[in-house]
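[1] Need coordinates for the below:
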Amino acid sequence: MSRVGKTPIQIPDKTTIDYKNRVITVKAEKGTLSRSIHPAVELEIKDGVIEVHVVKDDRQSRALQGLTRSLVNNMVTGVTQGFEKVLEIHGIGYRAMLNGNRIDFTLGHSHPVSFDLPKGISASIDKKNVIRLNGIDKELLGKTAASIRQLRPPEQYKGKGIKYAQERIQRKAGKTGVKTA
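    Prediction:
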């Protein structure tokens, strides 16, 4: 039984919800998001609350109820407050520079690496090694952050690379260098 799916979603003020032909559109001051809804669940919008109901009571429908509720809640949160991901760059000479809608990285390769930001994602760079990504679509923001991290994942011996700000890297001990006689 999905407990997440049964929780109603509160619609904030100045937010408009449009649900027609199994497509929900959420609009607020930060932007507009749309998503199609799976036929196994049905949305009910009334009195400033969105509720997600299953059409048929089986295991897959209950799972889709929780998923749909989370996706719609992320849409409402995204257009009202927005989302942010913070990445950190560690390593000597590793840095990032913002050029319009593109981030240029120096990550220890023989060439600079350029990353084009997708539409709807904005970035700011603090002190050349902290990247703040902002956007209203949580899924697109997570994919973008993962793609940037993949350019140079953190390595476990020295900790060099790109990591999430809250991520903790499990460090390994290097060779001890003890000679046997």
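[2] shaky segments in the chain?
    For the chain, the stretches with pLDDT under 70 are 1-2, 180-181.
[3] now the helices for it?
    3-6, 59-80, 138-151 (DSSP state H).
[4] Comparing those, which comes out most buried?
    helix 59-80 (a mean of 19; mean count of other CB atoms under 10 Å). Every residue, glycine included, has its C-beta placed from N, CA and C.
[5] roughly how far apart are the closest residue to Ser34 other than its chain neighbours and Asn73?
    Once flanking residues are discounted, Ser34 sits nearest to Thr25: 4.6 Å by CB to CB, 6 or more residues apart in numbering. Per CB to CB, to the nearest Å, Thr25 is found 15 Å from Asn73.
[6] who does the residue nearest to Ser34 bridge with?
    Here Thr25 sits in beta bridges with Asp18, Ser34, going by DSSP bridges.
[7] ok, now how distant is it from Lys14?
    In terms of CB to CB, Thr25 sits 15 Å off from Lys14.
[8] So between those two, which is more surrounded?
    Set side by side, Thr25 and Lys14 show unequal neighbour counts under other CB atoms under 10 Å, the larger going to Thr25 at 15 against 9.
[9] Contacts only, for that one.
    When contacts are counted by CB atoms under 8 Å, 6 or more residues apart in numbering, Thr25 is found next to Ile17, Asp18, Tyr19, Thr32, Leu33, Ser34.
[10] and the longest strand for this protein?
    strand 83-90 (DSSP state E).
[11] and the spatially most central residue of the chain, what is it in contact with?
    With distances taken as CA atoms, centre = their mean, Gly142 lies nearest the centre of the chain, 2.6 Å away. Contacts of Gly142 were listed using CB under 8 Å, 6+ apart, and they are Lys85.
[12] Check Gly82 too.
    Gly82 sits next to Lys30, Asn134, Gly135, Ile136 when contact means CB under 8 Å, 6+ apart.
[13] okay, now the domains of this structure?
    Listed domain ranges for the chain are 3-80, 83-164 (source: automatic domain parsing).
[14] could you dump the ones you listed to TSV with distance to Thr176?
    Below are the domains of the chain laid out as TSV (distance: least, CB to CB, whole Å):
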stretch	distance to Thr176
domain 3-80	48
domain 83-164	13
